[in-house]
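Got a sequence here, can you model it:
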Amino acid sequence: GDAGPVQAEEQPFGEEEEQEGLPPVEASLHDYSELVVQLGYVVLFSGAFPLVGALALANNVLELRLDAYKLLKLRQRGPLRGAQDIGTFQPIMDILSTASIMTNCAIIGFVSNGLYFYFPNTTPLQRVWITVLCENAL
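Numbers count the residues shown, from 1 in each chain. Okay, the predicted model is just below:
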């Protein structure tokens, strides 16, 4: 009988061939800017809403898993690029850190009752000086 044409065994695709059809990886500028904005909210307003840190942690854990899945399964492998630091985001984060010390000291000194707990018999002028001293100490 006629066995028909002989077919070559199909080789399974390698990792490179599988990634070839996927869209390229996106730039990380958006991810950095999103994290810097989140850092700003956390450090500037944690004195007013202490739960914001836990909410940011939960958001970051979820986003880490989603980004890992996206990078491993849905995008091409990105080009290998080295960097010494995070670039222009470092001065922004330094400014946020300094501003957060001032805003959190102001929130604790003027809005909350935390200062009255430790210094119950203070005048408003003394509260200002205590707040400024605490801010400069930090």
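
hey, which helix or strand in this structure has the poorest pLDDT?
helix 15-20 (a mean of 70; mean pLDDT, DSSP states H and E).

Helices of this protein, start to end?
In the chain, the helices defined using DSSP state H lie at 15-20, 29-45, 52-69, 89-106, 114-118, 124-137.

can you tell me which residues contact the most centrally placed residue in the chain?
Centroid check for the chain by CA atoms, centre = their mean gives Leu35 as the closest residue, at 3.1 Å. For Leu35, the contacting residues are Asn60, by CB atoms under 8 Å, 6 or more residues apart in numbering. The C-beta positions use only the backbone N, C-alpha and C, and glycine is treated the same way.

how about Gln76, what does it touch?
Neighbouring residues of Gln76 by CB under 8 Å, 6+ apart: Gln19, Glu20, Leu22, Pro23, Pro24, Val25.

Go again with 6 Å.
Neighbour list for Gln76: Gln19, Leu22, Pro24, Val25 [criterion: CB atoms under 6 Å, 6 or more residues apart in numbering].

How about Leu115?
So Leu115 contacts Gly109, Arg127 (CB under 6 Å, 6+ apart).

how about 7 Å then?
By CB atoms under 7 Å, 6 or more residues apart in numbering, Leu115 lies in contact with Ile108, Gly109, Arg127, Ile130.

I'd like the helices of the chain as TSV, with distance to Pro79 appended.
Listed next are the helices of the chain as TSV, based on distance: least, CB to CB, whole Å:
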stretch	distance to Pro79
helix 15-20	12
helix 29-45	15
helix 52-69	17
helix 89-106	20
helix 114-118	50
helix 124-137	45
